[in-house]
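Engineer: Sequence first, predicted model second:
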Amino acid sequence: MQLHKRDVVAKAAAILDGYGIADLTMRRLARELDVTPGALYWHFANKQELLGAVADHVLVPACAEPAPMDWRDRIETVCRGLRDALLSHTDGAELVSASFAAGQSRAVEQILGVLAEAAGEAGVDSAHRVQAARTVLHYVLGATADEQSRLQWDAAGAAGPATLDWSADLRSVPADPSAGFAFGLRLLTDGLAAQRTLSV
């Protein structure tokens, strides 16, 4: 039976969902596909390239072209879609963050382009639009990675960080993570809107 690239990515995504990113190895993937590890390298030069393809697979729902809307609504829509896509896969935020850092995800580049264009419409000068987009993307990845970690700790029945010398307010988690995410995103879009005032 011929091994297709899409089958490799689908099986890798299934391993990710079932066991997490730490167990997504080339050896395990080859075993699950009943091929030698060398057969995988026909499709992917290395594990980073494979993870980039899996990240693109995870991000398919987040890459739908948003309907025409103003820049603020576009950023919020794209970021909510990105968060939803990441949360729908075990360790989704960690996977996409690693793939982004390694420059292996076309989907992340596409999302960055949309965010940078929206930042320009918000009034961010051309020299800083990509940095603004990266800042928004880092917020989504970081907030979602934190949320996924907390979900995993809760699922494992682990106790919270009671041994740390923090105030209860600093350790508290929003009762509604979606509302907390939306608040942080609003802080960022308000900051982008302020750039227009600063540049006038």
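Structural biologist: Ah, there it is.
Engineer: For the rest of this, base every contact and every neighbour count on C-alpha atoms.
Structural biologist: OK.
Engineer: Check which element follows the lowest-mean-pLDDT helix or strand in the chain along the chain.
Structural biologist: Lowest by mean pLDDT, DSSP states H and E among the helices and strands of the chain is helix 168-171, with a mean of 55. Using DSSP states H and E, the helix or strand that follows helix 168-171 towards the C-terminus is helix 177-199.
Engineer: quick one: buried residues of that following helix?
Structural biologist: By 16 or more other C-alpha atoms under 10 Å, the buried positions in helix 177-199 come out as Phe181, Leu185, Leu188, Thr189, Leu192, Ala193, Gln195.
Engineer: next one: stretch 91-104
Structural biologist: Asp91, Gly92, Ala93, Glu94, Leu95, Val96, Ser97, Ala98, Ser99, Phe100, Gln104.
Engineer: again with stretch 134-151
Structural biologist: Buried-residue list, stretch 134-151, by 16+ other C-alpha under 10 Å: Arg134, Val136, Leu137, Tyr139, Val140, Leu141, Ala143, Thr144, Ala145, Glu147, Gln148, Ser149.
Engineer: Now render the buried residues of stretch 91-104 as a markdown table, adding distance to Met69.
Structural biologist: A markdown table is the format used below for these (distance: C-alpha to C-alpha, whole Å):
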| residue | distance to Met69 |
| --- | --- |
| Asp91 | 31 |
| Gly92 | 27 |
| Ala93 | 26 |
| Glu94 | 30 |
| Leu95 | 30 |
| Val96 | 26 |
| Ser97 | 27 |
| Ala98 | 31 |
| Ser99 | 29 |
| Phe100 | 27 |
| Gln104 | 29 |
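Engineer: ok, those residues vs Ala85, which is closest?
Structural biologist: Gly92 (7.7 Å; C-alpha to C-alpha).
Engineer: In contact with the closest one, which residues?
Structural biologist: By C-alpha atoms under 8 Å, 6 or more residues apart in numbering, the residues touching Gly92 are Ala55, Val58, Ala85, Leu86, Ala145.
Engineer: rerun at 10 Å
Structural biologist: Applying C-alpha atoms under 10 Å, 6 or more residues apart in numbering, we find Gly92 in contact with 13, 16-17, 20-21, 54-55, 58-59, 83-86, 141, 144-145, 148.
Engineer: So which of those sit within strands?
Structural biologist: Judged by DSSP state E, strands contain none of the contacts of Gly92.
Engineer: Among those, name the ones in helices.
Structural biologist: Judged by DSSP state H, helices contain the following of the contacts of Gly92: 13, 16-17, 54-55, 58, 83-86, 141, 144-145, 148.
Engineer: out of these, who has the most neighbours?
Structural biologist: Ala55 (28 neighbours; other C-alpha atoms under 10 Å).
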